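Undergrad: need a structure here:
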Amino acid sequence: MSAPRPEGYDPAAFEPFAVTVDLAVFTVRDGVLHVLLIRRGQEPYAGAWALPGGFVLPRESAEGAARRELAEETGLPAPVVADLHLEQLRTYSEPGRDPRMRVVSVAFTALVPDMPEPAPAGGGDAEQARWTPVGRAPDLAFDHALILADARERIGGKLEYTCLATAFCPPEFTLGELQGVYETVWDTALDRPNFRRKVLATPGFVDAVPGAARLTGGRGKPAALYRAGPATALHPPLLRPSEGHTR
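TA: Alright, predicted model coming up:
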């Protein structure tokens, strides 16, 4: 229940500004970290690539706006948008970041398993949407290059202390596929036996799927399948290797 406006308070005494949302949506495709980009169909920056996003409507929350814009601009299926891992990154409020007016953006980062082809088809204000390797992202509109860099750093850090890596995986996955997520996001190689030992020794990180296995190539026996476990934090943390070393 909202409180009544205080007597004598004049909202017009303050310069108005808009609130938007921007989303850095990541997935792992063919062993490469990809981000979802849209080609803008309207000014400013018509024809430029940007992160999905848009204005927060008067009667919706920032997270509600983020999910709505993601569905409208990318064509991702509604169940995917509703269930994906979405979290606030930070607020971007530098004056002049948008040529239209003073705009404050609440940025989110989201993770999805590898999406099947065809690539998402843009809608709303977007002419086109596509998955793009993070390392080959073009110049982005507004301050979206900064948002993308901050989002990637946040994801890399959270993989150390949380079970976030499973959000990149399908419902059932091998430990090799989970290791591939870490190696892709961290851009480094990990020692397979050591990684397996740490994952299986961490309570609640993954749960084995009884009797399930998958051939992963080569002549070896099928690899056991796992699901995301009930834990949300890793104890102890699974720290990324120091620069120049692998573990």
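Undergrad: Please name the residues that touch residue 19.
TA: Applying Cβ atoms under 8 Å, 6 or more residues apart in numbering to residue 19 gives the contacts 55-56, 62, 103-106. Every C-beta, even on glycine, is put in place using the N, C-alpha and C of the backbone.
Undergrad: Give me the subset of these lying in strands.
TA: 55, 103-106 (DSSP state E).
Undergrad: Can you select the buried ones from the residues you listed in ChimeraX?
TA: To isolate in ChimeraX the members of the ones in strands among the contacts of residue 19 that are buried, counting by 16 or more other Cβ atoms under 10 Å, one can use:
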select :103,104,105,106
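Undergrad: can you redo the ones in strands among the contacts of residue 19 as TSV with pLDDT and distance to residue 72?
TA: Formatted as TSV, the ones in strands among the contacts of residue 19 follow (pLDDT from 0 to 100; distance: Cβ to Cβ, whole Å):
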residue	pLDDT	distance to residue 72
55	95	12
103	96	18
104	97	21
105	98	17
106	98	17
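Undergrad: Tell me which helix or strand comes right after the longest strand anywhere in the chain.
TA: When the chain is parsed with DSSP E, its longest strand is strand 18-29. Later in the chain than strand 18-29, the nearest helix or strand by DSSP states H and E is strand 32-40.
Undergrad: For the helix or strand following that next one, which helices and strands make contact with it?
TA: Under the assignment DSSP H and E, the closest C-terminal helix or strand after strand 32-40 is strand 49-50. Under the contact definition 3 or more Cβ pairs under 8 Å, 6 or more residues apart in numbering; DSSP states H and E, strand 49-50 sits against strand 32-40.
Undergrad: mind listing what's buried in the strand it packs on?
TA: When neighbours are counted by 16+ other Cβ under 10 Å, the buried residues of strand 32-40 are found to be 33-40.
Undergrad: repeat for stretch 12-28
TA: If you call a residue buried by 16+ other Cβ under 10 Å, then stretch 12-28 has these buried ones: 20-28.
Undergrad: same check, this time on stretch 92-102
TA: Buried positions in stretch 92-102, judged by neighbour count with 16+ other Cβ under 10 Å: 92, 97-98.
Undergrad: just these now: which is nearest residue 170?
TA: residue 92 (32.6 Å; Cβ to Cβ).
Undergrad: Run through the residues that contact the residue lying closest to that closest one once chain neighbours are set aside.
TA: Closest residue to residue 92 in three dimensions, ignoring its sequence neighbours and counting by Cβ to Cβ, 6 or more residues apart in numbering: residue 105, at 4.6 Å. Listed by Cβ under 8 Å, 6+ apart, the contact partners of residue 105 are 19-22, 53, 91-93, 97, 147.
Undergrad: before we move on, back to that, most widely separated two among the contacts of residue 19?
TA: Greatest spatial distance among the contacts of residue 19 (Cβ to Cβ): 62 and 103, at 13.2 Å.
Undergrad: Secondary structure element holding the most centrally placed residue in the chain?
TA: The centre of the chain sits closest to residue 110, judged by Cα atoms, centre = their mean, with a distance of 2.6 Å. When secondary structure is defined by DSSP H and E, residue 110 falls within strand 103-111.
Undergrad: then the helix or strand of the chain with the lowest mean pLDDT to CSV, C-alphas only?
TA: For the chain, counting by mean pLDDT, DSSP states H and E, helix 78-83 ranks last in confidence among helices and strands (a mean of 80). This file holds the C-alpha atoms of helix 78-83, laid out as CSV (Å, rounded to 0.1, in the frame of the first residue of the first chain):
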residue,chain,number,x,y,z
ALA,A,78,8.3,-17.1,-23.3
PRO,A,79,9.2,-20.1,-21.0
VAL,A,80,12.9,-19.4,-21.5
VAL,A,81,12.5,-15.7,-20.6
ALA,A,82,10.4,-16.6,-17.6
ASP,A,83,12.8,-19.2,-16.2
